[in-house]
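>>> Provided below are the primary sequence and the corresponding predicted coordinates.
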Amino acid sequence: MAVEVQLPAQLREFVDGQTVIEGTGVTVGEVLRDIVGRYPALEEGLGLKGNDIPKYVNIYLDDEDIRYLDKFETSVSNGSQVVIMPAVAGG
Amino acid sequence: MTFAYKIPECQTSPSDFSTMGGLSHVYFAQTWFDRMIAHVIAGLPNEACGLFAGTGEQVETLYALTNADPTPQSYLVEPREHFQAFKDSREKGHELLGCFHSHVRSQAYPSMTDVRQAAYPDWAYVIVSLREEVPVVRAFRIVDEQIREISILVKDISVEDTGSHVR
C-alpha cells in the first residue's frame, strides 16, 4: 500500500526538507519503518524505540489517533494519509 | 463573562527576535481571552490547556481542550482534540498559532518541563498563572530551549465563539 505521510516542520530537516513523504506497507508501523529505512535520522527525530508510540508524538491515520486503533499494527489502505504531530505538553 | 487579569509589560525588545523570526506579538479578541481564563479557572486544581488559531498574529479561534495528563504540574492536550483543532483551523483557512496552559502554583513563565517539551518553535506559548487572586498572563516563544517573551494585546471586541465544538 502506498501511503502519504505528513511531517511537522521540525522533522523536515531529517527528510531533506520534505513535508510529505510516501511510504509503503500494510500497517502504520511498516509504513514508518519504510520511511525510516530511507531517512534513518528520522527515527531519532521521532523518538521511536521499540513498539511503543512515544508519549509526546501523536500519529493519526485518516483522522484517527492510532493509539485508539491498533497502534503501529493499524492497517492502512491505498491512499491513506498518516499525519505526525508532536504532542502539546508541559507542566 | 469578563474576568479580571493582569498582563505585565513585555520585557523583550523587538530586536531580540531578529535571529528568531516568526511571531513577536499575539492579538486576542476579548471573547477569546475571557474564554481562556474561564477554562483555566474551571480546570483547578489541575492545570488546564488549549490551542488557538488564526492568521498572522491575530487569534481568530480559541480551542479550550481537555488536559489528558491532569495534575497541578502537568498538561497534555488530548491528542484527538489536538487533531480536530488542527483540522478545524485548516478548514477555516487558519493556522494553529499557539497554545495556552495554566500554572496553578507558579509564575507565568515557562517551567523546565515547558521548555523541554516545547515542540513548536513558531508558536506563542501563553501561560496563565493562577497563583495570585488575579490571573497573570504572559506569552513566550520557545526556540531551541531559548525563551523570549512576546507581547499580548487584547482587543475589546466580541466575536462568535466557535472553537469549543471540537471537543
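Cool, got the structure.
>>> just list whatever residues bridge to the most centrally placed residue in chain B.
Centroid check for chain B by Cα atoms, centre = their mean gives B:Phe100 as the closest residue, at 2.5 Å. On the basis of DSSP bridges, B:Phe100 is bridged to B:Gly50, B:Val126.
>>> where along chain A do the helices fall?
A:28-38, A:41-46 (DSSP state H).
>>> show me the one of the ones you listed that comes nearest B:Ala108.
With Cβ to Cβ, the closest approach to B:Ala108 among the helices of chain A belongs to helix A:41-46: 30.7 Å. Bear in mind the C-beta positions are built from the backbone N, C-alpha and C, glycine included.
>>> ok, and what's touching the closest one?
Contact partners of helix A:41-46, identified using Cβ atoms under 8 Å, 6 or more residues apart in numbering or on different chains, comprise A:10-11, A:13-15, A:32, A:35-36, A:54, A:57, A:84.
>>> what pLDDT does residue 46 get?
All of this is about chain A. Confidence at A:Leu46, expressed as pLDDT, is 82.
>>> not quite, I wanted chain B
98.
>>> ok so, going back, which one of the contacts of helix A:41-46 has the most neighbours?
A:Ile35 (25 neighbours; other Cβ atoms under 10 Å in any protein chain shown).
>>> about what we covered before: residue contacts, the residue nearest to the centre of chain B?
By Cβ under 8 Å, 6+ apart, the neighbours of B:Phe100 are B:36, B:40, B:49-52, B:62, B:125-128.
>>> adding neighbour count, write those residues out as CSV.
Shown next, in CSV, are these (neighbours: other Cβ atoms under 10 Å in any protein chain shown):
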residue, neighbour count
B:Met36, 28
B:Val40, 30
B:Cys49, 32
B:Gly50, 31
B:Leu51, 26
B:Phe52, 27
B:Leu62, 29
B:Tyr125, 23
B:Val126, 27
B:Ile127, 24
B:Val128, 24
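>>> nice, that's everything, thank you.
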